[in-house]
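Student: build me a model from this:
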Amino acid sequence: MARLGDNARGALLMMASMAAFTLNDTLVKAAGASLPLMQILAIRGLVASCAIAALGWAFGAFRTRVSRRDVGLIVLRSLCELGAAFFFLTALMNMPLANVTALLQTLPLTLTLVGVLFLGERVGWRRWSAVGLGFVGMLLIVKPGMDSFDAWSLYALVAVGFVTARDLTVRGLSRNLPSILVTLAASVTVTVFAVIWTAITGGWAPVTGQNGPLVLGAAVLVSLAYLLSVLVMRVGDVSAVAPFRYTGLVWALVLGWAVFGDWPVASTLVGAALIAVGGLVTLWRDRRPPVSPTRSPVR
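Tutor: Prediction:
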């Protein structure tokens, strides 16, 4: 790694981050066969929050003074993270891994669309074409109005909406705000909600020798994924590194087939390819550096 250039190291870190996130999703989906989703989030979140807090301590993030404005934006972003986690993981429990992962990859396209409609950003015909291409790909996966339509796809799309809102709040955060603090706030918010939900509903199921390691493994992997996503933002150019986030689609296809026996139909594969192409064109056309290094993929 030391001999590689910054962009090469960033690409490897991004691919490792996507692998960790997708493996985490796989374990959460497998554990969901015998444990309630909120219980999984509570256990995973407790472990992950402690790990992220330890990372923040190691990076000296807690020595940073946070302004009131940043506190408000962090709270708003954390609530968006909570909504995204709930809808994404609910969809994940009821959809093939590759399908829900592909729908999440529409994020660069939705950010472009929101930027044009609400932020007054100017977009050329190439990026408009990319958005249209991704939209067609999304329709091929969701299949609205057809017999094969899966209502859980709407949960995945709502999750994309929350992630879009989450990433838009990042634009207002101070540049010197450590990304690990933002990640920790989101993790704690989701964990506290999951603990309260589980306590109120009494939905605590026995943790066994079969599902316990799955949840623990998911906690370790999501902590690792967050660490890698933080390191990615410190290495290489975003325009060179960001396209490698689509390697998550490859992992989702392989793991979905190997673990759950799910292989997408041809229309879903075509739709995922169109979304990936549209996203890559968008990332290629948008070569400006990010406003703040606090973005992190949702899981």
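Student: quick one: average confidence on stretch 7-23?
Tutor: For stretch 7-23, the per-residue pLDDT values average out at 89.
Student: repeat that for stretch 178-197.
Tutor: For stretch 178-197, the mean pLDDT works out to 93.
Student: cool, and stretch 204-219?
Tutor: 93.
Student: not counting sequence-adjacent ones, nearest residue to Asn24?
Tutor: Leu221 (4.0 Å; CB to CB, 6 or more residues apart in numbering). Bear in mind the C-beta positions are built from the backbone N, C-alpha and C, glycine included.
Student: swap that for Ala186, please
Tutor: By the measure of CB to CB, 6+ apart, the closest residue to Ala186 outside its immediate chain neighbours is Glu81, 3.9 Å from it.
Student: that neighbour: neighbouring residues, count only.
Tutor: The number of residues packed near Glu81 is 25, by other CB atoms under 10 Å.
Student: where's it relative to Val116, distance?
Tutor: Separation of Glu81 from Val116 (CB to CB, to the nearest Å) stands at 24 Å.
Student: pull out the buried residues from whichever strand or helix holds the residue nearest to Ala186.
Tutor: Applying DSSP states H and E as the criterion places Glu81 in helix 68-94. For helix 68-94, burial by neighbour count (16 or more other CB atoms under 10 Å) applies to 70, 73-74, 77-94.
Student: for the protein, which element, helix or strand, carries the lowest mean pLDDT?
Tutor: Of all helical and strand segments in the chain, the minimum by mean pLDDT, DSSP states H and E falls on helix 238-241, at a mean of 68.
Student: packing partners for the helix or strand just after that one?
Tutor: Sequence-wise, the next helix or strand downstream of helix 238-241 (DSSP H and E) is helix 247-260. On a contact count with 3 or more CB pairs under 8 Å, 6 or more residues apart in numbering; DSSP states H and E, helix 247-260 meets helix 6-31, helix 97-104.
Student: who touches the following helix or strand past helix 247-260?
Tutor: Downstream of helix 247-260, the first helix or strand assigned by DSSP H and E is helix 266-285. Contact with helix 266-285 is made by 98-99, 102-103, 105-109, 112, 124, 126-127, 129-141, 143, 239, 242-243, 246, 249, 264, as judged by CB atoms under 8 Å, 6 or more residues apart in numbering.
Student: now do the contacts for the residue nearest to Ala186.
Tutor: Going by CB under 8 Å, 6+ apart, the list of residues near Glu81 reads Phe162, Arg166, Ala186, Thr189, Val190, Val298.
Student: ok, of these, which one's closest to Ser17?
Tutor: Val298 (12.5 Å; CB to CB).
Student: could you dump the contacts of Glu81 to TSV with secondary structure?
Tutor: Shown next, in TSV, are these (DSSP: H, G, I helix; E, B strand; the rest coil):
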residue	secondary structure
Phe162	helix
Arg166	helix
Ala186	helix
Thr189	helix
Val190	helix
Val298	coil
